[in-house]
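# Model the following, please.
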Amino acid sequence: MIPVYGYVIVGVLLFLIIFGVFIVKQQTAAIVERLGKFKAVRQSGFQFLIPIVDRISGRVNLRIQQLDVLVETKTKDDVFVKIKVSVQFVILMDKIYEAFYKLENPHDQITSYVFDVVRAEVPKLKLDYVFEKKDDIAIAIKRELQDAMNTYGYDIIKALVTDIDPAQQVKEAMNRINAAEREKTAAEYDGEAERIRIVAKATAEAESKRLQGRGIADQRREIAKGLEESVEVLNAVGINSQEASALIVITQHYDTLQAISENTKSNLILLPNNPSAASDMLTQMTTSFIAANKIGEMEKETDEENNVD
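Below you'll find the predicted structure:
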């Protein structure tokens with residue numbers, strides 16, 4: 001038979017187990033008080049306290065936390081903007097006591113400092129520079145919070161300016177300015193492309209004219225060479241240079257008339273419009289006919305000599 005005190009011991013043990021044992025989750029700390037006074041900080045795992053005498057005053061989250069703060073303020077050029085700031089913070093392991101007892105609501109405290117820094121920094125800048133200097137604003141926020149919150153056991157991991165939202169009218173004006181700037185840039189590119197096209201075209205035309213001029217010069221040289229050879233042939237058969245020139249001129253005249261007739265399909269013949277020119281033309285024709293007869297006689301004599309041989 002179990003004595004009475006045995007039941008008492010068993011009952012006390014059960015009471016202690018039921019009400020004195022507790023579990024602290026990972027990345028969490030429990031604040032234990034004894035008779036209303038701070039006793040200890042219990043870390044994650046299986047923990048024990050004395051029922052009635054000790055109690056869990058609260059639990060502290062040791063994970064990294066994030067707080068988003070939306071601040072409305074005015075820039076140096078009198079533009080109202082809404083700036084969203086994200087602050088990441090964590091409770092220091094060696095300052096859990098300060099974080100729990102010294103600061104009742106850390107979110108409100110952090111929000112107050114963010115408002116203070118943003119409304120001190122942004123009014124110094126024009127709207128365009130606010131976008132450019134947002135990293136500097138975030139650094140200023142972190143520096144201010146770090147100095148203030150470290151006393152309360154909090155470490156500021158990072159501060160970010162995640163959004164800058166001007167008033168709707170300002171955004172529309174900015175869009176118009178950006179659109180005009182893009183159109184200006186596009187026009188400059190189009191103008192440059194047109195200039196390049198014109199220069200290329202002018203260069204090609206210059207090259208074409210250069211080659212055309214070279215062709216005309218070569219053609220004239222060949223014509224002159226042919227005329228020179230023709231005169232030499234005529235001189236060889238006893239025709240002087242004057243008669244040879246007249247024969248060549250009248251031959252070219254007839255060739256020109258024939259080409260005009262073939263190309264235009266016309267029976268029209270062009271003649272000089274004054275008597276002196278007609279007389280000169282007749283003289284040239286007579287001279288050319290005489291020269292042609294001499295050439296024919298020479299060729300005939302040459303053929304007879306070849307037949308005799």
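# Just give me the neighbour total for Glu207.
Using other C-beta atoms under 10 Å, Glu207 has 10 other residues around it. In short, each C-beta sits where N, CA and C put it, glycine included.
# next one: the one 3 residues further on
Arg210 has 10 neighbours, counted by other C-beta under 10 Å.
# any idea how far it is from Glu181?
43 Å (C-beta to C-beta, to the nearest Å).
# Flag the shaky bits of the stretch 151-300 of the chain, pLDDT-wise.
Across the stretch 151-300 of the chain, residues meeting the criterion (pLDDT under 70) sit at 171, 174-175, 178-179, 217, 219-220, 222-224, 226-300.
# can you give me the strands in this protein?
Residue ranges of the strands in the chain, as given by DSSP state E, are 21-24, 28-34, 37-42, 45-48, 54-61, 65-74, 80-91, 154-166.
# contact partners of the fourth one?
When contacts are defined by C-beta atoms under 8 Å, 6 or more residues apart in numbering, strand 45-48 is touched by residues Gly20, Val21, Phe22, Ile23, Val24, Ala30.
# so who does the fourth one touch?
What it means is Ile23. Taking C-beta under 8 Å, 6+ apart as the contact definition, Ile23 lies against Gly45, Phe46, Gln47.
# do the same with the fifth one
The contact partners of Val24, taken as C-beta under 8 Å, 6+ apart, are Ala30, Arg42, Gln43, Ser44, Gly45, Gln47, Arg59.
# Which stretches in this protein count as helices?
Per DSSP state H, the chain carries helices over the ranges 4-20, 96-101, 106-121, 127-132, 134-149, 168-236, 241-264, 275-308.
# If you count neighbours, what's buried in the third one?
It stands for helix 106-121. Applying a neighbour-count criterion of 16 or more other C-beta atoms under 10 Å, one finds Pro106, Gln109, Ile110, Thr111, Tyr113, Val114, Phe115, Val117, Val118, Glu121 buried in helix 106-121.
# again with the fifth one
Going by neighbour count (16+ other C-beta under 10 Å), the buried part of helix 134-149 is Lys134, Ile137, Ala138, Ala140, Ile141, Lys142, Glu144, Leu145, Gln146, Ala148, Met149.
# wait, which of those is closest to Leu67?
The shortest approach to Leu67 among these belongs to Leu145, at 10.2 Å (C-beta to C-beta).
# Quick one: neighbours of the closest residue to that closest one other than its chain neighbours, just the number.
Residue nearest to Leu145 in three dimensions, not counting chain neighbours: Ile156, with 4.6 Å by C-beta to C-beta, 6 or more residues apart in numbering. Here the neighbour count serves as a burial measure; for Ile156 (other C-beta under 10 Å) it reads 21.
# Against Ile96, how distant is Ile156?
Between Ile156 and Ile96 the computed distance is 17 Å (C-beta to C-beta).
# now do Ile137
Taken as C-beta to C-beta, the spacing of Ile137 relative to Ile96 amounts to 31 Å.
# Next: Glu172.
As for Glu172, its distance to Ile96 is 51 Å (criterion: C-beta to C-beta).
# Of these two, which one has the most company?
Under the criterion of other C-beta under 10 Å, the comparison of Glu172 against Ile96 puts Ile96 first, with 18 against 11.
# State whether the more buried one and Tyr154 are indeed in contact, as I suppose.
No: between Ile96 and Tyr154 there is no contact, the gap being 10.7 Å when judged by C-beta atoms under 8 Å.
# re earlier: farthest pair within the buried residues of helix 106-121?
Maximum pairwise distance among those (C-beta to C-beta): 22.3 Å, between Pro106 and Glu121.
# rewinding a little: and of the buried residues of helix 106-121, the nearest to Lys76?
Distance to Lys76, by C-beta to C-beta, is smallest for Glu121 among those, at 10.8 Å.
# confidence score at the closest one?
Reading off the per-residue confidence, Glu121 sits at a pLDDT of 89.
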